[in-house]
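J.: what's the 3D shape of this:
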Amino acid sequence: MLYKIIFGFVVMEALLLIVVCVRGVEQKGKKNMKNSITGAWNRYAFMKQMKYSFKKGNAFAVIVKFSDLKYYNTTLGVHSVNRIRKKAAEWLDAAWKEMQCYDCGNGVFALVGFGIEGSKEKEIEGKIMERFQDAWKCIKTEIVIPVQVCSVHIPDDVHTMEDMLLVVDREFSGKESEILNFQDMLTEYQRKIMVEAAIYKALENKSFEVYYQPIWDRENGNIHSAEALIRLKDEELGFISPEEFIPIAERNGTIFDIGLFVFEEACRFYKEKNLQAQGIDYIEVNLSVIQCMDSNLVQNFNEILSQKDLEACHINLEITESAVTDNQGILKRTVRALDHMGIRFSLDDYGTGYSNISFMYDMPFTIIKIDKSILWKALHPQLGQGDYRARIMLEKTVSMLQEMKYQILVEGVETEEQKNLLEKMQCDYLQGYFFSKPLPADEFMDYLQAANT
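T.: Coordinates of the predicted model:
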């Protein structure tokens, strides 16, 4: 009898210990599903909630995305930004008790609820936008951080985890707070997928085209060079602007193949058409800073020049002004190696806000290309007038660059009045629709023959 009592006691103790352990594991598991900084449920918890929401349905989620958290971490400090994140999470959690707040990482929060009425949805969006227009107190300062807000219905809008992550992980676009439409985001995403497929197809089929835009020489009054510009026409999508497909190509790595294609095509065109004999000193080819990361770039360019039996001085590589702020070390090394080969360089889009004069000193630029935005502010092609301060800025910019012994090319020339203004300033080269739009190779040759004779 005593043995049975002792045995029962041991069993009860063991069961109690198991219960305590299980509860401890559960508590630990719940703790591990909380963000250690903000206290909100973390990304893992959000993913589990989404799986449940897809099954149950009638769910509503509001995604709140901070602008460029990396920038604010650098300028304000990680500790200060974490305080703001914590306050934001606490506010979101307290504002709607019927919804659960999640911290999905990288400054992205999500509110998830069930059975939320349509009128309530707009109220939630409006209240979030109103709160984030006010400053957050951060130690001794106050700061306003822009946010983007996007509401989605599950499963009406979002059918899969992939669709949800499209909203959560999408890069913050723009600089101001705004409410995004999920269907617009989905359309944009699908468009990027289609453009990316078009890039791969064009590389495989070698269907990219290179157009050439003439560059006019003020001193000699003729066309003395041209800029090679990549063009993509897809059977399904039609014409795709370089402004759309080049950023995609830089992200997926196809920019390396595209860059080599343009360089080789420009070299072939110059040599086969004997452009030197027709007054063309060189062809300008755009060089992406991403291309400079390719350790084989210099060797590849050198081999192409050798294969085409072309002197390097007949190629001028353009580096956009925005590129000079990133990866300066590898960019300088690559440029110096190419300069040693005899290739010349231009700084493109000068005046768009990234100017770094000290960097220009270290780079072998011979030509500075002034962006059309400066010219158009000084003298608009349609209005025929401009801001007097913009004209002063244009004049002083040209004067400064001339004193620094740079050759000057102004882009975006569309009227004779603009041409006359720039001639008066003694700018070396002009480029724009006043002379010609970018032309296919054969049309460029026809234009060149007419213009230079």
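J.: Pull out the buried positions in whichever strand or helix holds Leu338.
T.: Assessed by DSSP states H and E, Leu338 sits inside helix 328-341. When burial is assessed from 16 or more other Cβ atoms under 10 Å, helix 328-341 yields the following buried residues: Leu331, Lys332, Thr334, Val335, Ala337, Leu338, Asp339. Using the backbone N, CA and C atoms, a C-beta is placed for each residue, glycine as well.
J.: how about the CA coordinates for that helix, as PDB?
T.: In PDB, the C-alpha atoms belonging to helix 328-341 read as follows (Å, rounded to 0.1, in the frame of the first residue of the first chain):
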ATOM      1  CA  GLN A 328      35.000  55.300 -55.600                       C
ATOM      2  CA  GLY A 329      38.000  53.100 -54.900                       C
ATOM      3  CA  ILE A 330      37.300  50.500 -57.500                       C
ATOM      4  CA  LEU A 331      35.900  53.100 -59.900                       C
ATOM      5  CA  LYS A 332      39.200  55.100 -59.800                       C
ATOM      6  CA  ARG A 333      41.300  52.000 -60.300                       C
ATOM      7  CA  THR A 334      39.300  50.900 -63.300                       C
ATOM      8  CA  VAL A 335      39.200  54.400 -64.900                       C
ATOM      9  CA  ARG A 336      42.900  54.900 -64.400                       C
ATOM     10  CA  ALA A 337      43.600  51.500 -66.100                       C
ATOM     11  CA  LEU A 338      41.400  52.400 -69.000                       C
ATOM     12  CA  ASP A 339      42.900  55.900 -69.300                       C
ATOM     13  CA  HIS A 340      46.300  54.200 -69.500                       C
ATOM     14  CA  MET A 341      45.000  52.300 -72.500                       C
END
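J.: picking that back up, between the buried residues of helix 328-341, which is nearest Tyr447?
T.: Nearest to Tyr447 among the buried residues of helix 328-341, counting by Cβ to Cβ, is Leu338 at 29.2 Å.
J.: which non-adjacent residue is nearest that closest one?
T.: Val298 (6.0 Å; Cβ to Cβ, 6 or more residues apart in numbering).
J.: do His153 as well
T.: Phe60 (5.9 Å).
J.: from the middle of its chain, how far away would the lengthiest strand in the chain be?
T.: Using DSSP state E to define each element, the chain has its longest strand at strand 222-234. Its chain's average C-alpha position is 23 Å from that of strand 222-234, according to Cα atoms, centre = their mean, to the nearest Å.
J.: neighbouring strands for that strand, and are they parallel or not?
T.: strand 209-217 (antiparallel), strand 238-240 (antiparallel), strand 282-286 (parallel) (DSSP bridges).
J.: Deepest-packed of these, please.
T.: Greatest average neighbour count among the strands paired with strand 222-234 goes to strand 282-286 (a mean of 24), per mean count of other Cβ atoms under 10 Å.
J.: Report the buried residues of whatever helix or strand comes next after it.
T.: Once the chain leaves strand 282-286, the next helix or strand it forms, by DSSP H and E, is helix 297-307. Across helix 297-307, burial judged by 16+ other Cβ under 10 Å covers Leu297, Val298, Asn300, Phe301, Ile304, Leu305.
J.: and what of stretch 70-80?
T.: Tyr72, Leu76, Ser80.
J.: do the same with stretch 34-46
T.: Per 16+ other Cβ under 10 Å, stretch 34-46 contains these buried residues: Asn35, Thr38, Ala40, Trp41, Asn42, Arg43, Ala45, Phe46.
J.: I'd like these as a markdown table, with distance to Ile139 appended.
T.: Shown next, in a markdown table, are the buried residues of stretch 34-46 (distance: Cβ to Cβ, whole Å):
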| residue | distance to Ile139 |
| --- | --- |
| Asn35 | 21 |
| Thr38 | 17 |
| Ala40 | 22 |
| Trp41 | 27 |
| Asn42 | 25 |
| Arg43 | 27 |
| Ala45 | 29 |
| Phe46 | 29 |
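J.: Extract the C-alpha set from the helix or strand where Ala390 lies and format it as PDB.
T.: Assigned by DSSP H and E, Ala390 belongs to helix 388-403. Provided in PDB are the C-alpha atoms of helix 388-403 (Å, rounded to 0.1, in the frame of the first residue of the first chain):
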ATOM      1  CA  TYR A 388      17.500  84.800 -64.500                       C
ATOM      2  CA  ARG A 389      19.200  83.100 -61.500                       C
ATOM      3  CA  ALA A 390      19.400  79.800 -63.500                       C
ATOM      4  CA  ARG A 391      21.000  81.700 -66.400                       C
ATOM      5  CA  ILE A 392      23.600  83.200 -64.000                       C
ATOM      6  CA  MET A 393      24.300  79.700 -62.700                       C
ATOM      7  CA  LEU A 394      24.700  78.300 -66.200                       C
ATOM      8  CA  GLU A 395      27.000  81.100 -67.200                       C
ATOM      9  CA  LYS A 396      29.100  80.800 -64.000                       C
ATOM     10  CA  THR A 397      29.300  77.000 -64.300                       C
ATOM     11  CA  VAL A 398      30.500  77.200 -67.900                       C
ATOM     12  CA  SER A 399      33.000  79.900 -67.000                       C
ATOM     13  CA  MET A 400      34.300  77.900 -64.000                       C
ATOM     14  CA  LEU A 401      34.800  74.700 -66.100                       C
ATOM     15  CA  GLN A 402      36.500  76.700 -68.800                       C
ATOM     16  CA  GLU A 403      39.000  78.100 -66.300                       C
END
